[in-house]
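Student: structure of the sequence below:
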Amino acid sequence: MKLGLFGYGTIGRGVYTLIEQLDKSYNCEIKKVFDLPIKKDLLGDKLVCDINDIINDNEIEAVVEVLGGHDVPYEVITKCLKSGKSVITANKEVVSNHLEEFINLAHENNASFCFEASAGGGIPVIRTLIDNIKVNDVNDIYGILNGTTNYILTRMDEDGLSFDEALKLAQKNGFAEANPTADLEGLDIVRKINILSSLAFKGNISNDDIYHYGITGVNKAILDNIKSLGYALKFVASSRKVGNDVTIRVEPTMVKLNHPFASIKNEFNAVLFTGSTNGDLMFYGKGAGSIPTATAIVSDLVSILENRSYIGYKNENKLVVNANSTNTYSYYIVGEDGKGKFRERVSDEELAEALFYARVLD
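Tutor: Numbering: from 1, shown residues only. Next up, the predicted model:
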């Protein structure tokens, strides 16, 4: 099978390397790579600088999209699927906005659309979820879904670093972007929990409807206070479905020190599903870094090569998301005086006025 690769950045290079290392029996070859002209020295004649050079190449049967952003990846994915090319992507922004559309296009054009790397990095959680919901109703999802912020919180806790020092260390080690806003404010996690929730709860969810609150207000004193109370601070996405009502929140969260999430450190991620028939299922692995993400992408490629890549999407289209801004969870709210208090049934407006807050998850 001849492949096209859109993007030769950190993840793209990892994908290229892993595909070259695949067992020769797969007979798989990257024919063209789309990127900027400055990559000519690295890619030679394989480099193309027009997306249509790959889209219109009839020899290319599948593509990997790791460009980032929205508009160009959306054009690439839709055009490739319409031309009958299978698509693998790690792009959580475009997937979270167009998941059902892409799956339908794949079905209509006898192609595959695979997106394992779009949530959870190297954790094989999406395929497992898709298989599991065939026989099991998922009621709750909890996830530490961002390696950057988990790394920052770990280093602040264990090394006594300030927030800014931990962020710079994350950037130095390749876990944080030069502009880390999407990670720190929870936008990256919003997209990932959207993808998981849309699949699990069988409906379309808008990123705009998902409540999120970032970790930029945390400091060492707050972390020390939380630890003295017997908790660890994590950045957690939670999603719950009761009837057709869905509550999805991304916020700093206090977990008991004996909770499984308390031991998830550095760039590692974890996802916990609670199902109607099999109870709790937890998945753990690296959520940041070139090779873990590339591994998930190439695993999708292998599923295509082995003819087991079909993904269905049942949209019951009845979901009501975050209809009530006052919720029943408990919170630890830090006021302007730096002191924290436990409170329940707090509106999002009140939470926004706090110096910092964390949800309490027992």
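
Student: give me the distance between residue 92 and residue 60.
Tutor: Between residue 92 and residue 60 the distance is 24 Å, computed by C-beta to C-beta, to the nearest Å. (Glycine included, C-beta is placed from N, CA and C.)

Student: next one: residue 362
Tutor: Shown here: residue 362 relative to residue 60, a distance of 52 Å by C-beta to C-beta.

Student: the more surrounded of these two?
Tutor: Neighbours around residue 362 and residue 60, counted as other C-beta atoms under 10 Å, are more numerous at residue 60. The numbers are 21 against 8.

Student: quick one: secondary structure of the spatially closest residue to that one that is not a sequence neighbour?
Tutor: In space, and not counting its chain neighbours, residue 60 is closest to residue 4: 4.6 Å by C-beta to C-beta, 6 or more residues apart in numbering. For residue 4, the secondary structure call by DSSP: H, G, I helix; E, B strand; the rest coil comes out as strand.

Student: point to the helix or strand of the protein where mean pLDDT is at its lowest.
Tutor: Lowest on mean pLDDT, DSSP states H and E among the helices and strands of the chain sits helix 348-352, with a mean of 86.

Student: so what's the gap between it and the chain middle?
Tutor: Taking C-alpha atoms, centre = their mean, to the nearest Å, the mean C-alpha location of helix 348-352 is offset from the chain mean by 26 Å.

Student: CA-only coordinates of it in CSV, if you can.
Tutor: Extracted C-alpha coordinates of helix 348-352, given in CSV (Å, rounded to 0.1, in the frame of the first residue of the first chain):
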residue,chain,number,x,y,z
ASP,A,348,-20.1,28.2,37.5
GLU,A,349,-20.4,32.0,37.9
GLU,A,350,-19.3,31.7,41.6
LEU,A,351,-16.5,29.4,40.7
ALA,A,352,-15.2,31.8,38.1
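
Student: can you name every helix or strand that that helix contacts?
Tutor: Here helix 348-352 is seen to pack against strand 330-334 when contacts are counted using 3 or more C-beta pairs under 8 Å, 6 or more residues apart in numbering; DSSP states H and E.

Student: ok, residues contacting the strand it packs on?
Tutor: Contact with strand 330-334 is made by 217, 222, 226, 229, 254, 340-344, 346, 350-351, 354-360, as judged by C-beta atoms under 8 Å, 6 or more residues apart in numbering.

Student: quick check: mean pLDDT of it?
Tutor: On average, the pLDDT along strand 330-334 is 95.

Student: helices and strands around the helix or strand following that strand, which ones?
Tutor: Using DSSP states H and E, the next helix or strand after strand 330-334 towards the C-terminus is strand 340-344. Using 3+ C-beta pairs under 8 Å, 6+ apart as the contact criterion, the elements in contact with strand 340-344 are helix 220-228, strand 330-334.
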